[in-house]
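Q: predicted model and sequence follow; I will ask about them next.
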Amino acid sequence: MFINPTRETLDLTRKALQGKDGLNKSITLSSGLVYYDLQAPSKTMYPVITPLRNSIPRVGRVNAGDATRWKQITSLIGSGYDAMGWIPEGQRSGVMSATTSTKSASYVTIGEEDNLTFEAEAAAVGFEDEDSMVTVRLLQKLMRKEEVALLAGNASVSLGTPTAPTTSASGSSATLSSNMYSVIVVALTLEGWKNSSLAGGIATTKTITGADGKTFTLNGGSSNKSSNTTQAITLGQSLFASVPAIQGAIAYAWFVGTAGSETLQAITTINSVAIAAPLATGRQAASVISADSSANAGLAFDGMLTQSLNPNNLAYVNTLATGTAGTGTTLTASGRGSVVEIDTMLQSMWDNYRVSPTVIYVNSQELKNITSKVLGSGSGSLLRYNNDSSGDVPYSMVAGGTIEYYFNPFSSGGGVKMPIKVHPDLPPGTLLAYAENLPEAYQNNETPNVAEVLTRRDYYRMDWPVRTRQREYGVYAEEVLAVYATFALGVITNIANG
């Protein structure tokens, strides 16, 4: 008689599991065989926030060469008295003149690479198309790097060497031990601030080995270190230090210790620091900093913040006063529902260049501070809140509101309502105002956009020849940020929290 061994085995197993020996009790979720519920595709759990990349017009150039160039006419100077056009009957006017300059911006390459092994590609069949997903992730990461470049790429602004800090000591409740302390400061660009940390140290230079085996070096965004200043501290006192603000710096790194043994103790986004607690150990030594590593000439282009902070450009820059060391200077409420420093910037940009910013980018800290200044007790009577009172609930309020728009009254069209946007890469203590388009009075000069991303070759994927049992990919772009009207940019920096 034919017996199906598989069926017979299953029957015997089923009887054993139902038997009085309780064999079924040994099969649990942790030890048994269960269905593996894997949801496809994979979940993307990283932010890709690129407001500048999304908003600045991208313009492809034909026959782009190595750089883009344009002629800039910044003023027309009338003959005689510039404000008077009176001419006697039958006579000719004098000859006017124009202020002109030639501008250029070199194209550079940005890129990112990844790879996919043959095994990983095969194993992902039925789950997701890994060949496509590698490209998507490469493009997203490149866009994030591009966003930082558009904001703060630095090819031209060198921070140099800060002056020696000014130090002092006061107070009675600090826990910093008694000693003769030495203080050194290093200034940071926005790139340097993003590349540095207390745990990882200040970014100086980094040698990158490309996927082709060749190497290149990038400057991390830090100045040279200053000379040191010493300060005696007795128990209970805090150590205070400040340094004259450097235009182009948005943060400062403070090295403290005994002379010759200073280590990184603080990174601030104002030009001063207060140290009240015992010094941390295991931090980067100041001796590591030996040169100015702030810019990447020839490899980078200048971002909008860098072009604003470049002293050779015409952008509005207000570096707030040092104030009390360790405390700094905060924004000031006007008492009429606005911020004094922002109002001053808007008026200056109108008075000098007849431009009105259309957006303000801020850090989350500054959004809170601006809201606090604008919605203070003195401006409560100016606040208007619209609500539909129909229905069962007569009224409702939402807690935690913030300022969404800032009204700029200085405009030939009667005023501009500017959105205040949180930018993911702006540090605390700095805000950037930007006129995205020149006003109507400027339109005849064929410059509708204040800034454009000019592309010699926009995003493209490279599929490199197979060298090993993996596919190698690169996503690149060849571009430059051209800001035609730097006077349409405004920056307020060195803002203290509060």
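A: Arrived safely.
Q: make it CA atoms for all contacts and neighbour counts henceforth
A: Noted.
Q: mind listing the helices for the stretch 251-400 of the chain?
A: Applying DSSP state H, counting those that start in this stretch to the stretch 251-400 of the chain gives helices spanning 304-309, 340-353, 364-374.
Q: so can I have CSV of the ones you listed showing distance to Ser227 and mean neighbour count?
A: Formatted as CSV, those follow (distance: least, CA to CA, whole Å; neighbours: other CA atoms under 10 Å):
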stretch, distance to Ser227, mean neighbour count
helix 304-309, 25, 27
helix 340-353, 33, 17
helix 364-374, 32, 20
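Q: distance to Ala321 and mean pLDDT for the ones you listed - can I get that in JSON lines?
A: Below are the helices of the stretch 251-400 of the chain laid out as JSON lines (distance: least, CA to CA, whole Å; pLDDT from 0 to 100):
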{"stretch": "helix 304-309", "distance to Ala321": "16", "mean pLDDT": "96"}
{"stretch": "helix 340-353", "distance to Ala321": "12", "mean pLDDT": "95"}
{"stretch": "helix 364-374", "distance to Ala321": "17", "mean pLDDT": "93"}
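Q: wasn't Ser93 part of a strand?
A: No - using DSSP: H, G, I helix; E, B strand; the rest coil, the secondary structure at Ser93 is coil, not a strand.
Q: neighbours around it, how many?
A: The number of residues packed near Ser93 is 12, by other CA atoms under 10 Å.
Q: quick one: it from Thr166, how far?
A: Using CA to CA, to the nearest Å, Ser93 is found at 58 Å from Thr166.
Q: and Asp463, which of the helices of the stretch 251-400 of the chain is closest to it?
A: Closest to Asp463 of the helices of the stretch 251-400 of the chain is helix 304-309 (CA to CA; 32.5 Å).
Q: which residues sit against the closest one?
A: Defining contact as CA atoms under 8 Å, 6 or more residues apart in numbering, one finds that helix 304-309 is touched by 150-154, 157, 247-248, 313-317, 432, 483, 486, 489-491.
Q: so of the residues you listed, which ones are in strands?
A: Tyr316, Val317, Leu432, Val483, Leu489, Gly490, Val491 (DSSP state E).
Q: which residues touch the nearest residue to the third one once chain neighbours are set aside?
A: Distances taken as CA to CA, 6 or more residues apart in numbering place Val491 nearest to Leu432, at 4.7 Å, with adjacent residues excluded. The contact partners of Val491, by CA under 8 Å, 6+ apart, come to Leu305, Ser308, Leu309, Ala315, Tyr316, Val317, Asn318, Thr430, Leu431, Leu432, Ala433.
Q: distance check, Leu264 against Thr281.
A: For Leu264, the distance to Thr281 - CA to CA - is 9 Å.
Q: which of those two has more neighbours?
A: Leu264 (28 against 9).
Q: quick check: chain neighbours aside, which residue is closest to that one?
A: Using CA to CA, 6+ apart and skipping residues adjacent in sequence, the residue nearest Leu264 is Phe255, 4.2 Å away.
Q: surely that neighbour is in contact with Glu262?
A: Yes - between Phe255 and Glu262 there is a contact at 5.2 Å, judged by CA atoms under 8 Å.
Q: between the two, which contacts overlap?
A: Each of Val183, Ile184, Ala285, Ala286 lies in contact with both Phe255 and Glu262 under the rule CA under 8 Å, 6+ apart.
Q: nearest to Ile275, of those?
A: Once CA to CA is applied, the member of these that ends up nearest Ile275 is Val183, at 10.9 Å.
Q: returning to what we had before: now, the shared contacts of Phe255 and Glu262 that are in strands?
A: Under the assignment DSSP E, these contribute Val183, Ile184 to strands.
Q: name the member of the shared contacts of Phe255 and Glu262 with the most neighbours.
A: For the shared contacts of Phe255 and Glu262, the largest number of neighbours (other CA under 10 Å) sits with Val183, at 31 neighbours.
Q: need phi/psi at the spatially closest residue to Ile77 that is not a sequence neighbour.
A: Spatially, and ignoring its direct neighbours in sequence, Ile77 is nearest to Ser97 (5.1 Å; CA to CA, 6+ apart). Here is the backbone geometry of Ser97 (degrees, to the nearest 10): phi -140, psi 170.
Q: how many residues are close by Ser97?
A: Using other CA under 10 Å: Ser97 sits among 11 other residues.
Q: hang on, it packs against Thr74?
A: No - at 11.2 Å, Ser97 does not count as touching Thr74 under the criterion of CA under 8 Å.
Q: pLDDT averaged over the longest helix seen in the chain - what is it?
A: In the chain, assigned by DSSP state H, the helix with the most residues is helix 130-152. Over the span of helix 130-152, the pLDDT mean works out to 94.
Q: neighbouring contacts of it?
A: Contacts for helix 130-152 (CA under 8 Å, 6+ apart): 48-53, 110-116, 121, 124, 190-191, 300-306, 425, 461, 473-476, 481.
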